[in-house]
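[1] any chance you could fold what I've pasted below:
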Amino acid sequence: MFRQNKQGKFNVPFGKYKKPNIADKNNIIEVSSSLQGTEIICADFTECSKYAQKGSALIYFDPPYRPLSATANFNSYTKDGFSESDQIRLAKLCHELSNNGNHVLLSNSDPSNNNQADCYFEKIYNGFNIQQVLANRMINCNGSSRGQIRELLISNTNC
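    Take a look at the predicted model:
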């Protein structure tokens, strides 16, 4: 996981592992092999439109999820956070990429976990297929709130 504090510094805790497998040689070699010929660019997500060729195989986004409640509002993986306007910018980009013949897939929170009437994603991803999927949540300050939760897969094709 990558996350920044308000000063822009990396702030993911190390954890309390007794025998962390940080330097898994085989995994590092496989990842290195898989990334050969790959260019990694650190930029705003909208920059991908410069690199997406018409009809690209698949473009996947995994943005900071929209908060499900006022108290569940963690979306600050970077010092600038990820606001409602960023969610809308992402939706506009997905529509543009789709209109250019690209296959688009993204994941996000499912507002119906807390409010059945919340159709936020149906509005901003009008015309896309939206499916509910179950995801396991192992991190939560309240241990009883850990477990399965519904999330959304949003796509311009049938998943």
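[2] tell me the pLDDT at the residue sitting furthest away from the middle of the chain?
    Ranked by distance from the centre of the chain (C-alpha atoms, centre = their mean), the top residue is K18, with 29.5 Å. According to the prediction, K18 has pLDDT 80.
[3] what about the helices in the protein?
    Listed in chain order, the helices of the chain (DSSP state H) span 25-34, 84-99, 120-124.
[4] what comes up buried for the longest one?
    The one in question is helix 84-99. Across helix 84-99, burial judged by 16 or more other C-beta atoms under 10 Å covers 86-87, 89-91, 93-95, 97-98. To be clear about C-beta, it is placed using only N, CA and C from the backbone, and glycine gets the same treatment.
[5] can you pull the contacts of S98?
    By C-beta atoms under 8 Å, 6 or more residues apart in numbering, S98 lies in contact with 104, 128, 156.
[6] same thing with N102?
    Counting by C-beta under 8 Å, 6+ apart, N102 touches 52, 54-56, 59, 156.
[7] nearest to Q4 among those?
    Ranked by distance to Q4 (C-beta to C-beta), those are led by I59 at 24.0 Å.
[8] for G101, which non-adjacent residue is closest in space?
    G55 (4.4 Å; C-beta to C-beta, 6 or more residues apart in numbering).
[9] before we move on, what about Y125?
    I154 (5.1 Å).
[10] what's the local residue count around that neighbour?
    I154 is flanked by 21 other residues according to other C-beta atoms under 10 Å.
[11] check what pLDDT it gets.
    I154 is assigned a predicted lDDT (pLDDT) of 96.
[12] sorry, back to before: mark which of the contacts of N102 are buried, thanks.
    The neighbour count (16+ other C-beta under 10 Å) marks 52, 59, 156 as buried among these.
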